[in-house]
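S.K.: what shape does this take:
(one chain, ligands or ions: 1)
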Amino acid sequence: MNEEEEDITIVEPVFAPWDGRRVPVTLLGGYLGAGKTTVINEMLARADRPIAVMVNDVGDINIDAKLIERQDGDTLDLSGGCVCCSLKNGFLEAFDQLRERPTPPELVVVELSGIANPSAAAGMASTPGFVLDSIVVLVDLDQFLTFEDESSVVADAVRAQVRAADVLLLSKRDLVDQERVDVVTARLTELAPHTRVLMADSAHSTAGLVGLGVRRPILEVGQGASLFDQFQTSIIPIDGTIRRHELDELLDGLPKNTVRAKGIVQIETGELMLIQIVGKRRSVEPLPMAETTEPTDLVVITA
Ligand SMILES: [Zn+2]
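M.R.: From the prediction side, this is the model:
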């Protein structure tokens with residue numbers, strides 16, 4: 001088809017696929033060997049809805065992409081550069097590929113390259129049709145302190161990853177003793193004082209945390225509670241509308257160990273607001289106009 005030249009209709013300035021719906025994007029970071037692929041495979045094995053996975057590898061051969069067992073999700077292979085710097089266009093094109101689909105995935109999970117700075121990739125993940133949901137960074141208990149002692153390039157990379165995270169997940173627990181866990185946790189707390197650190201000792205619950213999208217699962221948390229075997233889920237009912245400042249106070253008052261909270265509430269202007277909390281990241285945003293969702297209870301997950 002080559003009709004563009006004759007087409008004089010005005011193109012929509014903002015491309016809004018899927019009736020304005022925005023698909024949540026989770027960035028999964030962590031240095032080489034931290035176990036990102038394992039987590040993604042676990043997540044795909046348990047997913048009951050379509051998840052698109054982008055796998056970024058700086059080499060020309062994307063080994064991690066080959067290790068992803070495809071399951072129901074589909075995998076977009078981004079190799080030969082890093083999506084946070086040398087492969088930005090490839091990253092944006094991968095979102096273009098998804099936008100061409102008649103139905104959106106429920107969630108996009110991006111396995112970042114081992115050297116990627118998640119902060120740099122985060123800005124690109126909120127693009128028409130998509131919204132950054134969370135940055136989860138895996139920290140290899142066995143290797144982290146060694147990485148910090150290595151060349152400044154490696155040390156800078158792992159520190160940037162830790163600082164960018166909404167949630168830090170400790171991996172390789174079986175390779176270290178408790179003393180190492182304590183030392184690494186203390187170091188992470190120095191680097192990122194307000195970020196929750198969780199043990200990824202169960203691939204099961206880790207996958208649940210990473211794979212938890214925004215919209216649909218809010219109604220499914222009860223049924224899917226087994227995904228959160230190391231977490232507590234509680235429900236805060238919100239009847240009718242709530243004033244915006246009361247909502248902020250309510251969110252301020254959530255327990256310190258809240259790792260995830262979400263809900264759709266109606267505020268006094270009549271607007272429906274989508275609440276998402278992941279670790280230290282909190283967003284309260286109006287739902288897109290096309291949404292026909294009803295308000296929900298506020299679901300709070302604590303560790
Ligand atoms: Zn990069």
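
S.K.: just the residues contacting stretch 114-128, thanks.
M.R.: 14-17, 25, 27, 29-34, 56, 58, 82-85, 88, 91-92, 95, 99, 108, 110, 112, 131-132, 135, 137, 157, 160-161, 163-165 (CB atoms under 8 Å, 6 or more residues apart in numbering). For glycine as for every other residue, the C-beta is placed from the backbone atoms N, C-alpha and C.

S.K.: end to end, how far does that stretch reach?
M.R.: Start-to-end span of stretch 114-128 (CA to CA, to the nearest Å) is 26 Å.

S.K.: list the buried residues in that stretch.
M.R.: For stretch 114-128, a neighbour-count test (16 or more other CB atoms under 10 Å) marks 114-122, 124-125, 127 as buried.

S.K.: how many neighbours does Leu170 have?
M.R.: 22 (other CB atoms under 10 Å).

S.K.: doesn't it lie inside a strand?
M.R.: Yes. According to DSSP: H, G, I helix; E, B strand; the rest coil, Leu170 belongs to a strand.

S.K.: so it is in contact with Val137, correct?
M.R.: No. Checked against CB atoms under 8 Å, the pair Leu170 and Val137 is beyond contact range at 10.3 Å.

S.K.: sorry, back to before: which of the contacts of stretch 114-128 count as buried?
M.R.: 16-17, 25, 27, 29-31, 34, 56, 58, 82-84, 88, 91, 95, 99, 108, 110, 112, 131-132, 135, 137, 157, 160-161, 164-165.

S.K.: still on that earlier bit, restrict the contacts of stretch 114-128 to those near the ion?
M.R.: Restricting the contacts of stretch 114-128 to those near the ion by CB under 5 Å from the ion leaves 82, 84-85.

S.K.: which strand residues bridge Met199?
M.R.: Leu170 (DSSP bridges).

S.K.: wait, it touches Val176, no?
M.R.: No. Look at Met199 against Val176 with CB under 8 Å: they stay out of range, at 11.3 Å.

S.K.: show only the entries of the buried ones among the contacts of stretch 114-128 found in strands.
M.R.: Within those, residues falling in strands by DSSP state E are 25, 27, 29, 56, 108, 110, 131-132, 135, 137.

S.K.: closest one of the residues you listed to the ion?
M.R.: Of all those, Asn56 has the smallest distance to the ion: 8.5 Å, by CB to the ion.

S.K.: got the confidence number for that closest one?
M.R.: pLDDT for Asn56: 88.

S.K.: is it true that it touches Ser79?
M.R.: Yes. In terms of CB under 8 Å, Asn56 counts as a neighbour of Ser79; the distance is 7.4 Å.

S.K.: got the contact list for stretch 236-248?
M.R.: Stretch 236-248 is contacted from outside by 250, 263, 265-270, 273, 275, 284, 295, 297-300, using CB under 8 Å, 6+ apart.

S.K.: if you set the cut-off to 7 Å instead, what comes out?
M.R.: Residues outside stretch 236-248 that contact it (CB atoms under 7 Å, 6 or more residues apart in numbering): 265-268, 295, 297-298, 300.

S.K.: so where is the chain shaky, pLDDT-wise?
M.R.: 1-17, 19-20, 48, 59-73, 201-233, 288-293, 303 (pLDDT under 70).

S.K.: quick check: residues of it near the ion?
M.R.: So far as CB under 5 Å from the ion goes, the chain lies against the ion at 82, 84-85, 116.

S.K.: can we see that at 8 Å?
M.R.: Neighbours of the ion within the chain, by CB under 8 Å from the ion: 58, 81-87, 113, 115-117, 120-121.

S.K.: so which of those sit within helices?
M.R.: 120-121 (DSSP state H).

S.K.: give the bridge partners for the residue nearest to Ser134 when sequence neighbours are not counted, please.
M.R.: Nearest residue to Ser134, sequence neighbours excluded (CB to CB, 6 or more residues apart in numbering): Val278, at 3.8 Å. Taking DSSP bridges as the rule, Val278 bridges to Arg260, Arg281.

S.K.: great, nothing more from me.
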